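J.: Build me a model:
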Amino acid sequence: MKDAFHSTGSKILAAVMVLMFCLMLATSNSGTTLLGKFLGRLTTPMQRISTLVTNNASATAKASGESKEQLLAENKKLKNEVNGLNKKLVNYYSYQQENAQLRKFLELKSQNQDFKPVTASVVGRDPANIFGNFVIDEGSQNGVAKNDPVVTEAGVVGWVSDVSQSYSRVITILSPDTKISAIDKMNRETGVIGCDIESADKNLLKLQYLSAGTKVKAGDLIVTNGIGGIYPHNLIIGTVKDVKHSQYDVSFYAEVTPAVSVKDAHDVMVITSFAGQGQALKEALSSPSPSQASSGGSKP
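T.: The predicted model follows:
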């Protein structure tokens, strides 16, 4: 029995019991357990980290709440600025296009001092129309009238078929309704420019009524000759692609590639006045009828 008390295990057990008794006496005086303090020291750093994270999260949330309104206001301001810049950019390109257009048309007018032009833009087009007829944004309030020729700096586009106060309809040179008295600049042969559905589908014109011995050939330049009073003389129509025999009579005709792609035209010029305009009609109105001629009278 004495050996049991003197063993190493007994001594360790006795030491632990004495230590626990001392701890109980100490904590009874302080009101706080040493174990609690020990655990408190272990958990305090973790609490501090948790508090720091929480505080930072709250501060970030608060800052985010404040900056959201600022960002929304800034975003709105930037959008307004972008819209303003876009409008200026559109105006810039419009002015640039207008200036380029006016320069080209002024060059054309400088070569034809008798022209009174009105610049216009294509504002409507029927994509299903095989002839490329379109609507322009100028009308009678700016002097545009029915039958006025429509051109670009490259050549003939068509003619005005209907006019309102602020817009007009244009029939192009690809339409069967268009007939233009024309001349070959190389050999001075004349003919009539026309078109049909088959040719329009190929984007080609026809210089019709050429004689059997025609000298018109591929590469020749075809222009208006001014006869009829509808188109001024010397406006470019196109270039001869080929010469063929008519299937309806003994005459020949030339296939002509238009100088202007009328289906792609965006800016045009209406020639509202030129020397010799409507001359054929004036002559017809002023010519006496057979009965008047026999009676010596004349038409007013």
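
J.: Confidence-wise, which helix or strand of the chain is lowest on average?
T.: Least confident helix or strand, the chain: helix 290-295 with a mean of 43, by mean pLDDT, DSSP states H and E.

J.: Now V122. Nearest residue, chain neighbours left out?
T.: With C-beta to C-beta, 6 or more residues apart in numbering as the criterion, V122 has its nearest non-adjacent residue at 4.9 Å, and that residue is F134. (C-beta placed from N, C-alpha, C; glycine too.)

J.: And V160, by the same measure?
T.: Nearest residue to V160 in three dimensions, chain neighbours excluded: D148, at 4.5 Å (C-beta to C-beta, 6+ apart).

J.: what about that neighbour, how many neighbours?
T.: As a burial measure, D148 scores 24 neighbours (other C-beta atoms under 10 Å).

J.: Would you check that it makes contact with S161?
T.: No. Assessed by C-beta atoms under 8 Å, D148 is found out of contact with S161, at 9.9 Å.

J.: pLDDT below threshold where in this protein?
T.: 1-66, 85-112, 279-300 (pLDDT under 70).

J.: would you list every one of the strands in it?
T.: Along the chain, the segments classed as strands by DSSP state E run 116-125, 134-136, 149-151, 156-163, 168-172, 180-184, 190-194, 205-210, 221-224, 236-245, 252-258, 267-273.

J.: Packed most tightly, which of these would that be?
T.: Across the strands of the chain, averaging neighbours per residue (mean count of other C-beta atoms under 10 Å) puts strand 149-151 on top, at a mean of 26.

J.: what's in contact with that one?
T.: Here strand 149-151 makes contact (C-beta atoms under 8 Å, 6 or more residues apart in numbering) with 108, 136, 156-160, 170, 230-232, 235, 260, 268-271.

J.: at 6 Å what do you get?
T.: Outside strand 149-151, the residues that touch it by C-beta atoms under 6 Å, 6 or more residues apart in numbering are V157, G158, W159, V170, Y231, V268, M269, V270, I271.

J.: of the residues you listed, closest to Q277?
T.: Of all the contacts of strand 149-151, Q277 sits closest to I271, with 8.1 Å by C-beta to C-beta.

J.: these two touch, right, the closest one and F115?
T.: Yes. Using C-beta atoms under 6 Å, I271 is in contact with F115, at 5.4 Å.

J.: In TSV, list the contacts of strand 149-151 along with distance to V223.
T.: Formatted as TSV, the contacts of strand 149-151 follow (distance: C-beta to C-beta, whole Å):
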residue	distance to V223
V157	14
G158	16
W159	16
V170	20
Y231	10
V268	18
M269	17
V270	19
I271	15
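
J.: now, which of those sits nearest L221?
T.: Taking C-beta to C-beta as the measure, L221 lies nearest Y231 of these, at 15.5 Å.

J.: so who does the closest one touch?
T.: Contact analysis of Y231 by C-beta under 6 Å, 6+ apart lists P149, I180, T224.

J.: I'd like the strands of the chain written out as TSV, with distance to K79 added.
T.: Output for those, formatted as TSV (distance: least, C-beta to C-beta, whole Å):
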stretch	distance to K79
strand 116-125	29
strand 134-136	35
strand 149-151	41
strand 156-163	41
strand 168-172	39
strand 180-184	52
strand 190-194	53
strand 205-210	51
strand 221-224	52
strand 236-245	48
strand 252-258	46
strand 267-273	32
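
J.: just to revisit the earlier point, do I have it right that the residue nearest to V122 meets V123?
T.: No. Under the criterion of C-beta under 6 Å, F134 is not in contact with V123, lying 8.1 Å apart.

J.: From E198, how far off is the closest residue to V135 other than its chain neighbours?
T.: The spatial neighbour of V135 that comes closest, neighbours along the chain excluded (C-beta to C-beta, 6+ apart), is G124 at 3.5 Å. Distance, G124 to E198, by C-beta to C-beta, to the nearest Å: 26 Å.

J.: Check A182 too.
T.: Noted for A182: a distance of 20 Å to E198, by C-beta to C-beta.
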